[in-house]
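Engineer: give the three-dimensional model of this entry:
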Amino acid sequence: MDKTDKTISDKSSGRAPKWDASRIPDLSGRTAVVTGANSGIGFAAAAELARAGAHVVFAVRDPERGRAAAARAGGSTEVRRLDLADLASVREFAEGWDGPLDLLINNAGVMMLPEGRTRDGFETQFGTNHLGHFALTNLLLPHITDRVVTVSSGAHRMGDGYIHFENLNLDGIYGPQRAYSQSKLANLLFTLELQRRLAESGSRVRALAAHPGWAATNLQSHTANPVGRALMAVGNRVLAQDDKGGALPTLYAATQDLPGASYVGPNGLGEMRGAPTLVGRSAEASDVVAAGRLWTASEELTGVRFSVGVVA
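Structural biologist: Down below sits the predicted model:
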């Protein structure tokens, strides 16, 4: 059944068409960067973008694994090294970029790790999930022509529910869930402030966010708590959707005509699974003052500033 037949079938049955990857438009001639594209929802998203005709750059920490993943994906792909926990690597990646970039998908992330630090001394989850992508986006922004999609999580509502501005590294109060939730809240505040700045500068580039719901990937296997890993393993079997389902909100945000600062997630119970749709976020994730404050702190920590002269 092709796309037309599927749409006709949906209409004749009285159901609203369910969006899936078969509805991605032709992306021929477009270029996308997907961070963390060697596995999980990052790989699923990268493979679907390549299938739709895009040239997809797998931005990964381990190029050997990235090349294996790119070979599985097929289509027009290439692999470039990027370690988001190392700002020197982020700068090297950005400095090596030449020409337009239609789509940046900030997908890579770490989840509920034991306490640690990035190469630059930041708490690992905040440094990787937020600061690495903050620096990458701003360094690439002069090349970006269409949109930036950053993958957040429903976990932004958990933890303490706010950014610890006076203690971003969570020194003395570290907890794997607290740190992960803070980093995912930071992803949403980053998207909010990036969109504000883009609009203010007159750019046509859009910033959007997405979350996968509960997707069964290898991300949960790295959590610090053995009991938590066991519970997640059960949840992966009973509640979760697969990585292809988890990638749908990202793909929807990346390819559909949505307003800037939109947030996409699954439409099922608790936003754990289902077709992609626009979803809500916590009041803290909509706080424009906190978004501006986080942006200023992120500029100071990374030494990277908003690129006013964006290509639009």
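Engineer: all helices for the stretch 1-150 of the chain, in order.
Structural biologist: Counting by DSSP state H, counting those that start in this stretch, the stretch 1-150 of the chain has these helices, from start to end: 3-12, 40-51, 63-73, 87-95, 124-125, 133-140.
Engineer: highest mean neighbour count out of the ones you listed?
Structural biologist: Mean neighbours per residue, mean count of other C-beta atoms under 10 Å, is largest over the helices of the stretch 1-150 of the chain for helix 40-51, with a mean of 26. Glycine gets a C-beta too; all of them are placed from N, C-alpha and C.
Engineer: give the other helices and strands that that helix contacts.
Structural biologist: strand 31-35, strand 55-60, helix 63-73, strand 76-81, strand 101-106, helix 243-255 (3 or more C-beta pairs under 8 Å, 6 or more residues apart in numbering; DSSP states H and E).
Engineer: these: which one's closest to Lys18?
Structural biologist: Proximity to Lys18, assessed across these by C-beta to C-beta, is greatest for helix 243-255 (10.0 Å).
Engineer: now do that closest one: distance to the chain's middle.
Structural biologist: Mean-position distance between helix 243-255 and its chain equals 10 Å (C-alpha atoms, centre = their mean, to the nearest Å).
Engineer: angle of it against strand 101-106?
Structural biologist: Comparing the axes of helix 243-255 and strand 101-106 via axes from the mean of the first three to the mean of the last three C-alpha atoms, to 10 degrees yields an angle of 140 degrees.
Engineer: could you point out which element follows helix 243-255?
Structural biologist: Later in the chain than helix 243-255, the nearest helix or strand by DSSP states H and E is strand 263-266.
Engineer: picking that back up, for the helices and strands packed on helix 40-51, which one sits closest to Asn267?
Structural biologist: Asn267 lies closest to helix 243-255 among the helices and strands packed on helix 40-51, at 9.6 Å (C-beta to C-beta).
Engineer: can I get that closest one in CSV, CA atoms only?
Structural biologist: Taking C-alpha atoms only, helix 243-255 is exported to CSV below (Å, rounded to 0.1, in the frame of the first residue of the first chain):
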residue,chain,number,x,y,z
ASP,A,243,13.1,2.6,18.6
LYS,A,244,11.3,3.3,15.3
GLY,A,245,8.2,4.3,17.2
GLY,A,246,10.3,6.4,19.6
ALA,A,247,11.9,8.2,16.6
LEU,A,248,8.5,9.4,15.2
PRO,A,249,8.2,12.5,17.3
THR,A,250,11.7,13.6,16.2
LEU,A,251,10.9,12.9,12.5
TYR,A,252,7.5,14.8,12.8
ALA,A,253,9.2,17.8,14.3
ALA,A,254,12.0,17.6,11.7
THR,A,255,9.7,17.4,8.6
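Engineer: okay, the helices and strands packed on helix 40-51 in a markdown table with mean pLDDT next?
Structural biologist: Shown next, in a markdown table, are the helices and strands packed on helix 40-51 (pLDDT from 0 to 100):
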| stretch | mean pLDDT |
| --- | --- |
| strand 31-35 | 99 |
| strand 55-60 | 98 |
| helix 63-73 | 98 |
| strand 76-81 | 98 |
| strand 101-106 | 98 |
| helix 243-255 | 97 |
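Engineer: among those, which is nearest Ala283?
Structural biologist: Here helix 243-255 is closest among the helices and strands packed on helix 40-51 (C-beta to C-beta), at 21.2 Å.
Engineer: and the closest one, what does it pack onto?
Structural biologist: Contact here means 3+ C-beta pairs under 8 Å, 6+ apart; on that basis helix 243-255 packs against helix 40-51, strand 101-106, strand 144-151, strand 206-210, strand 263-266, strand 276-278.
Engineer: ok, the residue positioned nearest the centre of the chain - contacts?
Structural biologist: Taking C-alpha atoms, centre = their mean, the centroid of the chain lies closest to Val151, which sits 2.4 Å from it. Applying C-beta atoms under 8 Å, 6 or more residues apart in numbering, we find Val151 in contact with Ile41, Ile105, Asn106, Asn107, Gly109, Asn187, Ala209, Ala210, His211, Pro212, Thr250.
Engineer: and with 7 Å instead?
Structural biologist: By C-beta atoms under 7 Å, 6 or more residues apart in numbering, the residues touching Val151 are Asn106, Asn107, Gly109, Ala210, His211, Thr250.
Engineer: low pLDDT regions in the protein?
Structural biologist: Where the chain drops to pLDDT under 70, the residues are 1-16, 216-240, 308-312.
Engineer: biggest helix in it, by residue count?
Structural biologist: The longest helix of the chain (DSSP state H) is helix 176-201.
Engineer: residues of that one that come out buried?
Structural biologist: Residues 176-198 are the ones in helix 176-201 that count as buried (16 or more other C-beta atoms under 10 Å).
Engineer: now the helices of the stretch 1-150 of the chain as JSON lines including distance to Gly270?
Structural biologist: Below are these laid out as JSON lines (distance: least, C-beta to C-beta, whole Å):
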{"stretch": "helix 3-12", "distance to Gly270": "25"}
{"stretch": "helix 40-51", "distance to Gly270": "18"}
{"stretch": "helix 63-73", "distance to Gly270": "30"}
{"stretch": "helix 87-95", "distance to Gly270": "34"}
{"stretch": "helix 124-125", "distance to Gly270": "23"}
{"stretch": "helix 133-140", "distance to Gly270": "26"}
